[in-house]
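Enquirer: Give me coordinates for this.
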Amino acid sequence: MSDAAPDSNAQPYSVSELAFALKRTLEDRYGFVRLRGELSKVTHHGNGHVYLTLKDERAAIDGVVWKGSVRGLSIRPEQGLEVIVTGKITTFPAGSRYQIVIETMEAAGVGALLAQLERLKAKLAAEGLFEPSRKRPLPGMPAVIGVVTSPTGAVIRDILHRIRDRWPCRVIVWPVVVQGEQAASQVSAAIRGFCDLPAHGDLPRPDIIIVARGGGSVEDLWAFNDEALVRAVAAADIPIISAVGHETDTTLIDFVSDRRAPTPTAAAEMATPVLAELRAGLSDLHARLHRCGGRVVEDRQGRVQSAGRSLARVPDLVEMAAQRFNLAAGRLTAALQRNAAAHERDLVRVASRLSAGLLLRPQEAQAQKVQLLSGRLTSGLQRNAADHGRDLARISARLTPALLARPQATQRQQLDALSARLDPALARTTERLAERLAAVEKLRQSLNPDRPLSRGFARVHRADGSLAREGAALLPGEAVSLVFADTSRHAVIDGDAAAARPIPEARPKPRKPSPPASTAQGDLF
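Expert: This is a model prediction of the structure:
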């Protein structure tokens with residue numbers, strides 16, 4: 001070139017030519033590197049990219065995660081987290097800087113994961129998401145149970161088997177993946193989907209939700225430590241039981257859920273009562289109610305009988321009054337007899353005196369005296385008889401039937417008052433017992449598994465007598481029995497066999513092939 005020095009034959013490069021030559025050399029030589037370091041200066045840009053710096057004790061390198069790769073990261077980049085990243089080395093020609101374009105990122109070890117977990121746990125605890133006051137009680141007798149888990153594996157089989165043995169009810173399974181990058185988002189969507197179901201829609205809304213997964217390592221269970229999933233569990237308006245891992249495994253949703261179960265089988269036991277125990281308890285309450293009612297009636301009868309024994313008998317009252325009447329009548333008769341005898345003696349004495357005086361006095365004078373004495377004696381006898389008649393009338397007036405009726409009326413009033421006090425109490429007790437008996441009878445009717453048949457439902461039984469709970473489990477051409485409220489009918493399943501096939505398992509995403517062993521990190525040129 002004309003600008004070349006006359007004493008040199010070297011071709012000069014422009015700055016751009018040299019910068020892009022270096023860029024191509026680095027990308028060709030270090031197209032795939034695996035790097036370990038600590039994250040610092042983490043910036044989540046508004047356009048979706050993440051800018052950061054990887055460092056160790058003696059050096060640092062800038063890094064970038066493009067928007068398309070951020071969603072595929074297994075962990076969220078945070079300040080101070082030790083990670084292992086894979087990507088390629090490139091340069092930024094405008095600034096003469098080199099950087100690593102990160103494609104995957106994973107925690108460097110359990111210690112780093114636990115450190116990240118503790119920071120997130122402290123943050124959520126400070127917001128009050130783990131407070132015991134937020135936890136809701138579980139329903140005693142759920143009609144519908146929602147299960148969020150993998151549709152394959154032993155977990156869902158254990159849950160369904162335990163629920164079928166304890167409390168036969170409807171179970172709705174929301175299939176999700178329980179490990180990997182998509183696990184947290186799918187579980188969150190399942191919880192929100194259950195909560196968004198209408199109360200009286202075609203698909204019933206669950207009364208309780210079980211989030212279940214089998215055991216595994218910290219990395220396998222890491223999806224259940226996701227912040228978005230924890231907030232979805234906290235925002236749910238349906239009680240949630242977390243059954244993730246074994247008894248010694250702990251995830252963040254265990255702290256925010258309404259109840260934590262050590263195993264999926266234990267979660268099924270927490271969510272359901274035992275139907276046989278409820279029936280036995282109902283029978284015991286029914287027997288106790290009858291015994292209690294019988295004791296109350298016997299007690300009231302005993303009290304009425306005791307009150308009746310304390311009342312005087314009517315014959316006793318009449319006999320006492322008759323005895324007093326006879327005594328008074330006997331005394332009156334004797335007095336009248338004595339009085340008549342006394343007057344008779346007086347009359348005899350007067351007559352003897354008159355007879356003796358007639359011989360001494362003139363006949364006329366004696367006759368006048370006799371008449372006068374006779375008149376006085378007669379009037380005296382009449383007055384005496386009138387006095388005794390008045391006394392008899394006065395005593396007879398006191399001995400009227402009303403004298404006997406008053407004690408009877410008093411005793412009758414006391415008996416009526418006692419009956420009026422006992423009858424309302426006995427009626428109230430009987431009414432309360434009848435109401436309790438009616439409530440128990442309603443509960444018994446609601447627990448009757450054959451009751452839905454009277455509303456138009458039917459049970460489907462297979463040829464071996466087992467109950468068909470899902471239509472997908474029935475094969476075309478299979479003979480079944482339909483049990484109605486009044487009778488049963490036989491039927492044959494008709495339809496496309498492909499509709500009854502289970503959902504195929506999602507194949508794992510193929511991993512990016514590892515670079516050849518010869519791709520070692522070396523010099524720039």
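Enquirer: And Thr43, which helix or strand is it part of?
Expert: Using DSSP states H and E, Thr43 maps to strand 33-44.
Enquirer: What is the subsequent helix or strand relative to that strand?
Expert: Following strand 33-44 toward the C-terminus (DSSP H and E): strand 50-55.
Enquirer: List the buried residues for whichever helix or strand comes after that following strand?
Expert: Downstream of strand 50-55, the first helix or strand assigned by DSSP H and E is strand 60-65. Going by neighbour count (16 or more other Cβ atoms under 10 Å), the buried part of strand 60-65 is 61, 63-65. Bear in mind the C-beta positions are built from the backbone N, C-alpha and C, glycine included.
Enquirer: what about Val148, how many neighbours?
Expert: 26 (other Cβ atoms under 10 Å).
Enquirer: oh sorry, the question was meant for Asn384
Expert: Neighbour number of Asn384 under other Cβ under 10 Å is 15.
Enquirer: How about Ala232?
Expert: As a burial measure, Ala232 scores 22 neighbours (other Cβ under 10 Å).
Enquirer: same question, Ala94
Expert: 8.
Enquirer: Likewise for Ser40?
Expert: For Ser40, using other Cβ under 10 Å, the count is 13.
Enquirer: If you drop the residues flanking it in sequence, what lies closest to it?
Expert: Of all residues not flanking Ser40 in the chain, Thr53 sits nearest, at 4.8 Å (Cβ to Cβ, 6 or more residues apart in numbering).
Enquirer: do the same with Lys67
Expert: Nearest to Lys67 is Gly48, by Cβ to Cβ, 6+ apart, at 3.3 Å.
Enquirer: same deal with Leu54?
Expert: Closest to Leu54 by Cβ to Cβ, 6+ apart is Gly37, at 3.7 Å.
Enquirer: can you map out the strands along the stretch 251-400 of the chain?
Expert: Remark: strands assigned in the stretch 251-400 of the chain by DSSP state E, counting those that start in this stretch are 259-260.
Enquirer: Could you list the low-pLDDT ranges of it?
Expert: 310-314, 316-317, 354-367, 370, 397-400 (pLDDT under 70).
Enquirer: make it 80
Expert: Where the stretch 251-400 of the chain drops to pLDDT under 80, the residues are 307-322, 348, 350-371, 373-382, 384-385, 388-389, 392-400.
Enquirer: got a list of what Arg444 touches?
Expert: Leu282 (Cβ atoms under 8 Å, 6 or more residues apart in numbering).
Enquirer: and it, that one's in a helix?
Expert: Yes - the assignment for Arg444 (DSSP: H, G, I helix; E, B strand; the rest coil) places it in a helix.
Enquirer: mind checking how far it is from Leu467?
Expert: 22 Å (Cβ to Cβ, to the nearest Å).
Enquirer: Arg421 now?
Expert: Arg421 is 57 Å from Leu467, by Cβ to Cβ.
Enquirer: and the residue nearest to Ser40, bridged to which residues?
Expert: Ser40, Asp62 (DSSP bridges).
Enquirer: which residues does the closest residue to Val173 other than its chain neighbours contact?
Expert: Nearest non-adjacent residue to Val173, counting by Cβ to Cβ, 6+ apart: Val147, 4.9 Å away. For Val147, the contacting residues are 156, 159, 171-174, 209-210, 212, by Cβ under 8 Å, 6+ apart.
Enquirer: Repeat the analysis, applying 6 Å as the threshold.
Expert: Neighbouring residues of Val147 by Cβ atoms under 6 Å, 6 or more residues apart in numbering: 159, 173, 210.
Enquirer: who's Thr91 bridged to?
Expert: The partner list for Thr91 in beta bridges (DSSP bridges) reads Tyr98.
Enquirer: same question, Ile208
Expert: Ile145.
Enquirer: mind checking pLDDT for it?
Expert: Here the pLDDT value assigned to Ile208 is 96.
Enquirer: now do Lys135
Expert: 93.
Enquirer: Over to the one 10 residues further on?
Expert: What the model reports as pLDDT for Ile145 is 96.
Enquirer: Tell me if I'm right that it and Val173 touch.
Expert: No - checked against Cβ atoms under 6 Å, the pair Ile145 and Val173 is beyond contact range at 9.6 Å.
Enquirer: Neighbour count for these two, which is higher?
Expert: For Ile145 versus Val173, the count of surrounding residues by other Cβ under 10 Å is larger for Ile145: 25 against 18.
Enquirer: how close does the more buried one sit to Pro198?
Expert: Counting by Cβ to Cβ, the gap from Ile145 to Pro198 is 18 Å.
Enquirer: and if you look at Arg259?
Expert: Counting by Cβ to Cβ - Arg259 and Pro198 are separated by 25 Å.
Enquirer: Show the contacting residues for the residue lying closest to Ile61 once chain neighbours are set aside.
Expert: Excluding the flanking residues, the one nearest Ile61 by Cβ to Cβ, 6+ apart is Leu54, at 5.3 Å. Listed by Cβ under 6 Å, 6+ apart, the contact partners of Leu54 are 37, 61, 63.
Enquirer: Out of these, flag the one nearest to Gly216.
Expert: Gly37 (27.1 Å; Cβ to Cβ).
Enquirer: burial measure for that closest one, as a count.
Expert: There are 21 residues near Gly37, going by other Cβ under 10 Å.
Enquirer: Check which residues of stretch 184-192 are buried.
Expert: 184-191.
Enquirer: sorry, back to before: shouldn't the residue nearest to Ser40 be in contact with Glu38?
Expert: No - judged on Cβ under 6 Å, Thr53 makes no contact with Glu38 at a distance of 9.0 Å.
Enquirer: rewinding a little: for the residue nearest to Leu54, list the residues it contacts.
Expert: 54-56.
Enquirer: Right, I'll call it a day here.
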